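> sequence first, then the predicted structure, then my questions.
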Amino acid sequence: SQQGEEDPQALSIQEGENATMNCSYKTSINNLQWYRQNSGRGLVHLILIRSNEREKHSGRLRVTLDTSKKSSSLLITASRAADTASYFCATRSGGSNYKLTFGKGTLLTVNP
Amino acid sequence: DTAVSQTPKYLVTQMGNDKSIKCEQNLGHDTMYWYKQDSKKFLKIMFSYNNKELIINETVPNRFSPKSPDKAHLNLHINSLELGDSAVYFCASSQDVGELFFGEGSRLTVL
């Protein structure tokens, strides 16, 4: 069954604005990861946050994790047209460490 | 220097045929995966191998048979193809339970 659910399903913003995507999950996790997929391409790993971490930064990306609410958010600051892509959260659960379960994704469109 | 490469990139075939997709990774990872992405972009794990041993086998029809001849290769063979098998199939690898590195996908169209 699906673990992560991203929100919103689609987001359209102007270049320079910030984009926030949310992810909710159902069971306890070992870590949560965010991936980007450009149209017609494979997924690319962006950032991993462990269950005992609350916030992580990587360049223009900021990820937060709230295990009490079983939710995470991905913030992209000062967005660029090249950030246009689908963004997925994925979780590794304690029961099966090798199983990385993906959500449905958020399609982000950054207009120039 | 492609890290995870899968071939072919496109397959178009008739219902009932058999097809194979090959995957190779040169990252030295010990775990490889097959994921299926449907038309709504939903990614579902199919299989995972760790050191050539099958460790994840989701509820996938028996028509799908993975094979891992060594740690660097994971192939997928599909028998008696059906319309519902049309999708993009992604191979990925990781070192233990770390981040996944994906191939570019193999788009299968069953007519």
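Arrived safely, thanks for sending.
> on contacts alone, who are the packing partners of the lowest-mean-pLDDT helix or strand in chain B?
For chain B, counting by mean pLDDT, DSSP states H and E, strand B:53-57 ranks last in confidence among helices and strands (a mean of 88). Using 3 or more CB pairs under 8 Å, 6 or more residues apart in numbering or on different chains; DSSP states H and E as the contact criterion, the neighbours of strand B:53-57 among helices and strands are strand A:96-102, strand B:43-50. Just so you know, the C-beta spots here come from the backbone N, C-alpha and C atoms, and that holds for glycine as well.
> please redo it, this time with the cut-off set to 10 Å
strand A:96-102, strand B:31-37, strand B:43-50, strand B:64-70 (3 or more CB pairs under 10 Å, 6 or more residues apart in numbering or on different chains; DSSP states H and E).
> a markdown table for those strands, including mean pLDDT?
Supplementary listing: these in a markdown table, determined by pLDDT from 0 to 100:
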| stretch | mean pLDDT |
| --- | --- |
| strand A:96-102 | 78 |
| strand B:31-37 | 95 |
| strand B:43-50 | 93 |
| strand B:64-70 | 94 |
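> highest mean neighbour count out of the ones you listed?
For the helices and strands packed on strand B:53-57, the stretch with the most neighbours on average is strand B:31-37, a mean of 24; neighbours defined as mean count of other CB atoms under 10 Å in any protein chain shown.
> mind exporting that strand as PDB, just the C-alpha atoms?
Provided in PDB are the C-alpha atoms of strand B:31-37 (Å, rounded to 0.1, in the frame of the first residue of the first chain):
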ATOM      1  CA  THR B  31      21.200  -3.700  -3.700                       C
ATOM      2  CA  MET B  32      19.200  -3.300  -6.900                       C
ATOM      3  CA  TYR B  33      15.500  -2.700  -7.600                       C
ATOM      4  CA  TRP B  34      12.800  -2.700 -10.300                       C
ATOM      5  CA  TYR B  35      10.000  -0.100 -10.000                       C
ATOM      6  CA  LYS B  36       7.000   0.300 -12.300                       C
ATOM      7  CA  GLN B  37       5.700   3.800 -13.000                       C
END
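> that one and chain A, are they touching?
Yes. On the criterion CB under 10 Å from any CB of the partner chain, strand B:31-37 is in touch with chain A at B:31, B:33, B:35, B:37.
> who's the closest residue in space to the last one that isn't next to it in sequence bridged to?
Nearest residue to residue B:37, sequence neighbours excluded (CB to CB, 6 or more residues apart in numbering or on different chains): residue B:88, at 4.5 Å. Beta-bridge pairing of residue B:88, defined through DSSP bridges, involves residue B:37, residue B:107.
> and if you look at residue A:57?
Beta-bridge partners, per DSSP bridges, of residue A:57: residue A:62.
> ok, it - contacts?
Residues near residue A:57 by CB atoms under 10 Å, 6 or more residues apart in numbering or on different chains: A:47, A:63, A:75, A:77.
> how far away is it from residue B:2?
When distances are taken as CB to CB, to the nearest Å, residue A:57 and residue B:2 turn out to be 29 Å apart.
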